[in-house]
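> No sequence on hand, only this structure:
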């Protein structure tokens, strides 16, 4: 599950990491929530011989996938995640994983460890070595009955590794930098050709830092929500994240 994440570096850093140019500048974002705009990278049009232009493009999309066949998006659950193990088989995602695979840059993500009933301890999970990470994503453009287009995306998740599993049983799919081109190349690589990229990242890649329940409220969007807290034997009652963190079914 990935219900909130951060992107706190500069546009130049994102462009260098993803190998794209021409993105829309943005301020640091410490508490990105479902339905908000997120930045993704997609394969661009084929390059002409001798061209030095990048073959990837950056795009702002709505975090909340809407399949192209949907008649009324309000009838669907909020699809912020897609299960990597079944996405290629699900009618909702199979066209996107075949034709519109994406990269979602992040500085880290949030996860909540369920404790006793009504309690949850939030953690900020970030690359141990710092810098950016790219999550595997799927993109779809929804054409509403009025003729307007809406670009949407979901983040792929996989089974948690042994480090993250004590916090939550799912985690985002991490696409390594050396695999960006293969992941994005939907012309040459079918879903079966990139299935090996959907495994959990190795333990130790991330570090999980306990933080306060400030993150539970979308309105709390400053760097203070990342401040570590000490874990006590009894952390007391903690609020679960509000519903915009994504209460979707594990089916997806």
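On my side now, so go ahead. Just so it is clear, the model here is predicted, and its values are computed rather than measured.

> Distance from stretch 194-209 to the middle of the chain?
13 Å (CA atoms, centre = their mean, to the nearest Å).

> What lies in contact with it?
The contact list for stretch 194-209, computed with CB atoms under 8 Å, 6 or more residues apart in numbering, reads 84-85, 88, 101, 108, 111, 123-128, 136, 156, 158-164, 167, 171, 173-176, 179, 182-183, 226, 228. From N, CA and C alone the C-beta is placed, and that goes for glycine too.

> Sitting in helices, which of those do you find?
182, 183 (DSSP state H).

> out of the contacts of stretch 194-209, which are buried?
Among those, the ones that count as buried by 16 or more other CB atoms under 10 Å are 84, 88, 101, 108, 111, 123-127, 136, 156, 158, 160-161, 163-164, 167, 171, 173-175, 179, 182-183, 226.

> Which ones among those map onto strands?
Secondary structure of the buried ones among the contacts of stretch 194-209 is defined by DSSP state E; positions in strands are 101, 108, 111, 123, 124, 125, 126, 127, 136, 156, 158, 171.

> As a markdown table, the residues you listed with distance to residue 28 and pLDDT would be great.
A markdown table is the format used below for these (distance: CB to CB, whole Å; pLDDT from 0 to 100):
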| residue | distance to residue 28 | pLDDT |
| --- | --- | --- |
| 101 | 27 | 98 |
| 108 | 12 | 98 |
| 111 | 20 | 98 |
| 123 | 20 | 98 |
| 124 | 14 | 98 |
| 125 | 18 | 98 |
| 126 | 14 | 98 |
| 127 | 16 | 98 |
| 136 | 23 | 98 |
| 156 | 25 | 98 |
| 158 | 27 | 98 |
| 171 | 23 | 98 |
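
> Save those residues as TSV, and put in distance to residue 78 too.
Shown next, in TSV, are these (distance: CB to CB, whole Å):
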residue	distance to residue 78
101	21
108	22
111	18
123	22
124	22
125	21
126	25
127	27
136	19
156	16
158	20
171	19
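
> residue ranges for the helices of the chain, please.
Under DSSP H, the chain gives helices at 11-18, 94-99, 180-184.

> Columns distance to residue 205 on top of those, output as JSON lines?
Shown next, in JSON lines, are the helices of the chain (distance: least, CB to CB, whole Å):
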{"stretch": "helix 11-18", "distance to residue 205": "16"}
{"stretch": "helix 94-99", "distance to residue 205": "23"}
{"stretch": "helix 180-184", "distance to residue 205": "16"}
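
> how about low-confidence regions in the chain?
Residues of the chain that meet the criterion pLDDT under 70 lie in 22-23, 46-54, 233-252.

> ranges for the strands of it?
5-7, 29-32, 37-43, 56-63, 81-83, 101-106, 108-114, 120-127, 133-143, 149-159, 170-172, 206-210.

> and these, which is most packed in?
strand 101-106 (a mean of 27; mean count of other CB atoms under 10 Å).

> What helices and strands are in contact with that one?
The elements that strand 101-106 packs onto, with contact taken as 3 or more CB pairs under 8 Å, 6 or more residues apart in numbering; DSSP states H and E, are strand 5-7, helix 11-18, strand 37-43, strand 133-143, strand 149-159, helix 180-184.

> Same list, these, but as TSV with distance to residue 119 please.
Converted to TSV, the helices and strands packed on strand 101-106 look like this (distance: least, CB to CB, whole Å):
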stretch	distance to residue 119
strand 5-7	23
helix 11-18	36
strand 37-43	29
strand 133-143	27
strand 149-159	23
helix 180-184	37
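
> between the ones you listed, which one is nearest to residue 215?
strand 5-7 (9.7 Å; CB to CB).
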